[in-house]
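[1] predicted structure and sequence below. I'll ask about it afterward.
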Amino acid sequence: MSQATQTDIDVVSEGRIESVSGPVVTATDLDARMNDVVYVGQEGLMGEVIEIEGNVTTIQVYEETSGISPGGPVKNTGEPLSVDLGPGMLDTIYDGVQRPLDVLESRMGAFLDRGVDAPGIDLEETWEFTPEVTEGDVVEAGDILGIVPETKSVDHKVMVPPDSEGGEVTAVESGEFDVTETVVELDSGEEIAMRQEWPVRQARPTENKRSPDRPLVTGQRVQDGLFPLAKGGTAAIPGPFGSGKTVTQQSLAKFSDADIVVYIGCGERGNEMTEVIDDFPDLPDPQTGNALMARTCLIANTSNMPVAARESCVYTGITIAEFYRDMGYDVALMADSTSRWAEAMREISSRLEEMPGEEGYPAYLAARLAQFYERAGLFENINGTEGSISAVGAVSPPGGDFSEPVTQNTLRIVKTFWALDADLAERRHFPSINWTESYSLYKDQLDPWFVENVAEDWPEVRQWAVDVLDEESELQEIVQLVGKDALPDDQQLTLEVARYLREGFLQQNAFHDVDQFSPPEKSYLIWQAIKTFNDEAFAALEAGVPVEEITAIDAAPRLNRIGTQEDYEAYVEELQGDIEDQLREKY
Amino acid sequence: MKEYQTITEISGPLVFVEIDEPVGYDEIVEIETPGGEVKRGQVLESQSGIAAIQVFEGTTGIDRKASVRFLGETMKMPVTEDLLGRVLDGSGEPIDGGPEIVPEERQDIVGAAINPYAREYPEEFIQTGVSAVDGMNTLVRGQKLPIFSASGLPHNDLALQIARQATMPEAETDDDSTEEEATDEEEGSEFAVIFGAMGITAEEANEFIDDFERTGALERSVVFMNLADDPSVERQVTPRLALTTAEYLAFEKGYHVLVILTDMTNYCEALREIGAAREEVPGRRGYPGYMYTDLAQLYERAGRIKGREGSVTQIPILTMPGDDDTHPIPDLTGYITEGQIMMDRELNSQGIEPPVNVLPSLSRLMDDGIGEGLTREDHADVSDQMYAAYAEGEDLRDLVNIVGREALSERDNKFLDFADRFENEFVQQGYQNNRDIGETLDIGWELLGMLPKTELNRIDEELIEKYYPEDESETSEEAVGVEADD
Ligand SMILES: Nc1ncnc2c1ncn2[C@@H]1O[C@H](COP(=O)(O)OP(=O)(O)OP(=O)(O)O)[C@@H](O)[C@H]1O
Ligand SMILES: [Mg+2]
């Protein structure tokens, strides 16, 4: 947040508090523009202008308003709500308005107090700047000026701010600097430091958007295998409480092959954020082997933190994501849960007495959701690099009913739909992604990548698995009426194969050290092993072996254990051999 | 302190007063009726010139001549360790005839949010002695785990059993053989219990108090009572007083505190009532749109804090209107809490005590709180396997009704039997029976022994070798594990 400079920002105008209602405060006589940041009351609570009507300005306040009384001062900074951008954002946890939570803890102890400011990036810390330009070079907005090793995993690129005129480089520094010191000077007189600001509600400019063609490899079998997400793609995970939204998003944050992860805890549990803070510094990034935290930026506005900051945390997160995209990185952004964000909009809207739309949500709900997901994508940046933001939003529908406005409006925008299912979760089938309801519209455009990088027949094998599972759902309806034994042998066998697909492939235990991460090569081998059983079993059936004998071979149940094997290649090879031997010796 | 006699409107639980000086949002107010009775309230909204006040004790007896004093501060709870052993009303006034309470501090009842960075992740096992909880939905210190119940179900018996039996097996070592001693070592690890009653009947409340008295638990309890015939608006305050006391005892005095709040449904009804009186735009089923945030501000006051001794563990109880878990009260609660224990009407009528349906129940903090050195190495796998097997057996029951047992395969019949025995032997235990975790897991193995080893695909093969009960007909592997707790 631009509090970095709060002390030196001039107060451009001052007004008086007229009324206070929860997070919404009105002020009179305040000269302000929409989205200006203001400080409210003696405590100086941070807020943002959200409505102007005659002499009355409405402000949403990002801190608790208890005890704030009419008549108190309101000071306008004249600056829009912005984030500080520069090295030091990774390996950090922020609140919804980019105050670092560790700094807040050291200033006010374990409980969050009010009226404390902290810059989004540390103004004192110094960084090693290595220039990539020399005097005389002509640079434009967005161009990369130099490199700063931000963490073990990530080189931070210092760029010309997007709103700069550019020009000829007249001076370049090299060495240790803090984020406000000038590292490059232009002939226009512009002095460029490592730190920039950007208003959160405005997308950072790009050259153009491209059609995604590489998967965000998640290491989750059901996702990579059946419903893949593209780098630069959008996905929604709706599901009732306890169905696995958070665990799924945390798995993506841990194992997906993104360069940068921005994880937004929006209106959810404190302990879940603590878990990430505790775990990520110790867990290795499967790509680099460094600590996961070295590629991660966390934003936490938990459910008991101020509602208005829940509205802003999503924007804070996506703006930070855009900044790393501009450097040419693949960013994965997780928002848990977008429903809480929508509810924050609803609460503020109702305090403004706006005309409510569907289920009390403001009429602009759909537009806001669309604007958010539009900021994701695979982009050609203005500096010529290619970067992406993949956006994954959890949705928490009331009563688990997907027909409600947030789910519906989200589905209209996103292209991957991972539908979580309470029934599956109840029987501990995890991840509880329903394979008949879910979809990915990226499947076809990503197939070439899987064919080239994993297996030539990836699309065919996937189709085989989908067909078996489809057949199973149809057969299950009959079984519910007559029992399994009444089915013909071949159908009984199909049910058995489908069971292995469900238990051995679709299910994946996020808490098992080995099973939690399944690279596509492993996922493919599991498919292959189950397919071997399928092919051998049907051959045996053809040759007259009774179905009970086929399904009773003791090698088959091992299909469900491949996921937990570290040395899965050897395990699968042996298993396939055993399946062949045990079945072939029966005829 | 400013005093007014300018009430302009009285409507339901709300009073509107003309004021000429600013008052703060949430500020506390005293209203003195002409009869001399003093009621307390809180500023809900203050527009210059007029303040809307919600009156905790109800507006009965207030007229336009009543005088209104703004106390210039938000509501505080006087806290001290001496509160232990005391019974207070829903606004925090002693009703047990005991001595006056001399507070050590007065703390804001709204409570600030714990900085997630300052939290300590909860992962210490609490043994409740109830198999359906310990084995399948383990509770840990600092968790918020509600009981989802419905009218006529014995949620109070379960809550009392947990309050009575909950201990933390201290000084657990990695060595299995010492487990028995460790679990027996219960001294010094008991909870302080904070009991917050909201709108329950006097009879129900007495059930709790009598049990606390009988077991001596009252000495380490603080009881807040807002009964069914007490003013409903007061229910807004009761849980906040209880939680403020809990936080004080936990984070300043080092107690491990167990907070039981019952019945959250009455709390939510009161919230709806105030919303309606303020003519707010209602959300789902008439409950205010901010109910999620409001409930979160209560439930999130559970946890542990880095560098502090104590902990706040919450067991809120709610009754689901119409047994419907998609009703906004259980639904929003489930979205905030770290799991839920689901009571089941059918199991209750079968006489299962406690009638916990484990399938829709969940403890989200279980994974980190169990396993080697915490409970037992096989805990996670056993519980996973029992879930899967019980779910499968449950499914088959519908089918059996149609096609009969004979039409099912041998495998299916085993799962059916498993489901029956799971309910009758594992879940069924009685409210006076305290099983330690070893005993719970051993019962689990006994039941899993009905299924062939190859079906136990959620259990690590080594653990199967170690714990699977071998019957005489099979060649016995070497001695089966430790199982010392029998
Ligand atoms: N892949 C998985 N492997 C094992 N267990 C899982 C998995 N996914 C979910 N679970 C189990 O389900 C529980 C609930 O998951 P989670 O907390 O992600 O739900 P949620 O959908 O985020 O719920 P809420 O909306 O209330 O936040 C977890 O605590 C865990 O026990
Ligand atoms: Mg969640």
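    Yes, it's here. Ligands and ions are numbered 1, 2, ... in the order given.
[2] what does the stretch 301-450 of chain B have sitting close to ligand 1?
    Residues of the stretch 301-450 of chain B lying close to ligand 1 (C-beta under 6 Å from any ligand atom) are B:Y335, B:L362, B:R364. Where C-beta positions appear, they are placed from N, C-alpha and C, glycine not excepted.
[3] confirm for me that the last one is in contact with A:G244.
    It refers to B:R364. No - using C-beta atoms under 8 Å, B:R364 is not in contact with A:G244; the gap is 10.2 Å.
[4] ok, back up a step: what subset of the residues of the stretch 301-450 of chain B next to ligand 1 is buried?
    Among those, those classed as buried by 16 or more other C-beta atoms under 10 Å in any protein chain shown are B:Y335, B:L362, B:R364.
[5] give me the domain ranges for the chain.
    By default, I'm working from chain A. Following automatic domain parsing, chain A resolves into domains at A:6-80, A:208-442, A:458-584.
[6] not quite, go with chain B.
    Following automatic domain parsing, chain B resolves into domains at B:2-73, B:77-369, B:379-476.
[7] pick the most buried one from these.
    Among the domains of chain B, domain B:77-369 has the highest mean neighbour count (mean count of other C-beta atoms under 10 Å in any protein chain shown), at a mean of 21.
[8] any regions of chain A where pLDDT drops low?
    Residue ranges of chain A with pLDDT under 70: A:1-9.
[9] buried sites along the longest helix anywhere in it?
    Longest helix in chain A by number of residues (criterion: DSSP state H): helix A:458-482. Of all the residues in helix A:458-482, those buried under the rule 16+ other C-beta under 10 Å are A:W458, A:P459, A:V461, A:R462, A:W464, A:A465, A:V468, A:L469, A:E472, A:L475, A:V479.
[10] need the residues you listed in CSV with distance to ligand 1, can you?
    Converted to CSV, the buried residues of helix A:458-482 look like this (distance: C-beta to the nearest ligand atom, whole Å):
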residue, distance to ligand 1
A:W458, 23
A:P459, 25
A:V461, 23
A:R462, 20
A:W464, 24
A:A465, 19
A:V468, 22
A:L469, 18
A:E472, 21
A:L475, 26
A:V479, 27
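[11] now render the residues you listed as JSON lines, adding distance to B:L448.
    Putting the buried residues of helix A:458-482 into JSON lines (distance: C-beta to C-beta, whole Å) gives the following:
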{"residue": "A:W458", "distance to B:L448": "38"}
{"residue": "A:P459", "distance to B:L448": "40"}
{"residue": "A:V461", "distance to B:L448": "34"}
{"residue": "A:R462", "distance to B:L448": "35"}
{"residue": "A:W464", "distance to B:L448": "34"}
{"residue": "A:A465", "distance to B:L448": "30"}
{"residue": "A:V468", "distance to B:L448": "29"}
{"residue": "A:L469", "distance to B:L448": "28"}
{"residue": "A:E472", "distance to B:L448": "26"}
{"residue": "A:L475", "distance to B:L448": "28"}
{"residue": "A:V479", "distance to B:L448": "25"}
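[12] closest to chain B among these?
    Chain B lies nearest to A:V479 out of the buried residues of helix A:458-482, by C-beta to the nearest C-beta, at 7.4 Å.
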